[in-house]
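Colleague: pasting the structure only:
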């Protein structure tokens, strides 16, 4: 089969749409299917996605253009992972082939054959549709990239005293929150790895911050072993995007920082399921430091968080999504 994936990724919108959809693409390739990305950011697809995928560049990504490209590549089924999945785009694609949509909220009316929403609260959303789709809702359908599905099956013990910390502010960190998170970690006096995503343009200010602090900070740009570093960390500060669920998959207690109104809404609802602490992007350093210190000295809470993560996330989401997507043909 020819599977088309419509997804973009850039410094402006981040790379979560590509990393999520690539988890599905990888599963499809393992099944022997052909995968073509339709994207306005072909260079980003090359840098993030599997080498075996084909790429069909888009000029504007209008419904008519996407539908035309789908006909040209003779797609058997399409899958969307975009910041928005407008009704007109869904309808235009579905006129060509069956359609699966990843959407993190119920903000758009649905015109698709299959909806994927991996949020903990996905089943509580009130969806509107033209024809009822196949529902793939909740953390059973989290499209975790490799190797997180495998790591989610591992046992992780909770150290009585944390030894390793981690800071992750996504692929770009456009608000340059990382230095403030380093300030918050500094009084804790543990080794902290600072992850710079592939689109992070704040490297110089982060290095300057490291030189001004007394704690042991290690700066790594887009490391190949990120998943292992997350698994080995005892405590983390993270943006509240895709990385949130990856930290849950690695059983790593974390404190979230919401960088957008969308992340704020997500955090508010995730907190109904797990006992996560989180702040807005304009957090006070003392509040974050105090929360980190409390988490550092409360192994019982860290164990509780790890147990909650394990209850919800088993890592088999990409496999389940792929089977449903292939069944549409």
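Modeller: Structure's in. What do you need? Small disclaimer: the values here were computed from a predicted structure and weren't measured.
Colleague: Please identify which helix or strand holds residue 146.
Modeller: According to DSSP states H and E, residue 146 maps onto no helix or strand at all.
Colleague: Just list the residues touching it, thanks.
Modeller: Going by Cβ atoms under 8 Å, 6 or more residues apart in numbering, residue 146 touches 23, 26. Using the backbone N, CA and C atoms, a C-beta is placed for each residue, glycine as well.
Colleague: can you give me phi and psi for it?
Modeller: Here is the backbone geometry of residue 146 (degrees, to the nearest 10): phi -70, psi 140.
Colleague: So for the protein, the centremost residue is which one?
Modeller: residue 242 (1.9 Å; Cα atoms, centre = their mean).
Colleague: excluding its backbone neighbours, what's nearest that one?
Modeller: For residue 242, ignoring the flanking residues on the chain, the nearest one in space by Cβ to Cβ, 6 or more residues apart in numbering is residue 16 at 4.0 Å.
Colleague: Give me the sheet partners of the host helix or strand of residue 3 and which way each runs.
Modeller: Here residue 3, judged by DSSP H and E, is contained in strand 2-7. The sheet places strand 2-7 alongside strand 34-39 (parallel), strand 77-81 (parallel), with pairing taken from DSSP bridges.
Colleague: All the strands of the stretch 51-200 of the chain, in order from the start?
Modeller: With DSSP state E, counting those that start in this stretch as the criterion, the stretch 51-200 of the chain has strands at 54-57, 77-81, 99-102, 114-117, 134-137, 164-168, 191-196.
Colleague: And the longest one, how far out from the chain middle?
Modeller: Relative to its parent chain, strand 191-196 has a centroid offset of 19 Å by Cα atoms, centre = their mean, to the nearest Å.
Colleague: Summarise which helices and strands it is packed against.
Modeller: Counting contacts by 3 or more Cβ pairs under 8 Å, 6 or more residues apart in numbering; DSSP states H and E, strand 191-196 packs against strand 164-168, helix 178-185, helix 203-212, strand 217-221, helix 226-232.
Colleague: strands paired with that strand, and their directions?
Modeller: strand 164-168 (parallel), strand 217-221 (parallel).
Colleague: and what of the fourth one?
Modeller: The strands beside strand 114-117 in its sheet (DSSP bridges) come out as strand 99-102 (parallel), strand 134-137 (parallel).
Colleague: okay, those in JSON lines with mean pLDDT next?
Modeller: As requested, those are arranged in JSON lines below (pLDDT from 0 to 100):
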{"stretch": "strand 99-102", "mean pLDDT": "97"}
{"stretch": "strand 134-137", "mean pLDDT": "97"}
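Colleague: What pLDDT is listed against residue 107?
Modeller: As predicted, residue 107 sits at a pLDDT of 81.
Colleague: My guess is residue 324 contacts residue 136. True?
Modeller: Yes: when contacts are counted by Cβ atoms under 8 Å, residue 324 is listed as touching residue 136 (5.7 Å).
Colleague: quick one: low-confidence ranges for the stretch 101-250 of the chain?
Modeller: Along the stretch 101-250 of the chain, the model assigns pLDDT under 70 to no residue.
Colleague: on that earlier part again, out of the strands paired with strand 114-117, which one sits most buried?
Modeller: When you average the neighbours per residue for each of these (mean count of other Cβ atoms under 10 Å), strand 99-102 leads with a mean of 27.
Colleague: I would like the residues contacting that strand, please.
Modeller: Contacts of strand 99-102 with the rest of the structure, by Cβ under 8 Å, 6+ apart, involve 20-21, 77-81, 85, 90, 93, 110-118, 133, 143, 321, 324-325, 328.
Colleague: And the strands paired with strand 114-117: which comes nearest residue 276?
Modeller: Nearest to residue 276, of all these, is strand 134-137, at 20.6 Å by Cβ to Cβ.
Colleague: which stretches of the protein form helices?
Modeller: For the chain, the helices defined by DSSP state H occupy 16-30, 42-48, 63-73, 87-94, 148-151, 178-185, 203-212, 226-232, 242-249, 261-270, 285-296, 299-312, 317-326.
Colleague: Count the residues that sit near residue 57.
Modeller: Neighbours of residue 57 under the rule other Cβ atoms under 10 Å: 13.
Colleague: ok, now which ones touch residue 311?
Modeller: Contacts of residue 311 by Cβ under 8 Å, 6+ apart: none found.
Colleague: try the one 3 residues further on
Modeller: The neighbourhood of residue 314, defined by Cβ under 8 Å, 6+ apart, consists of 140, 152, 153.
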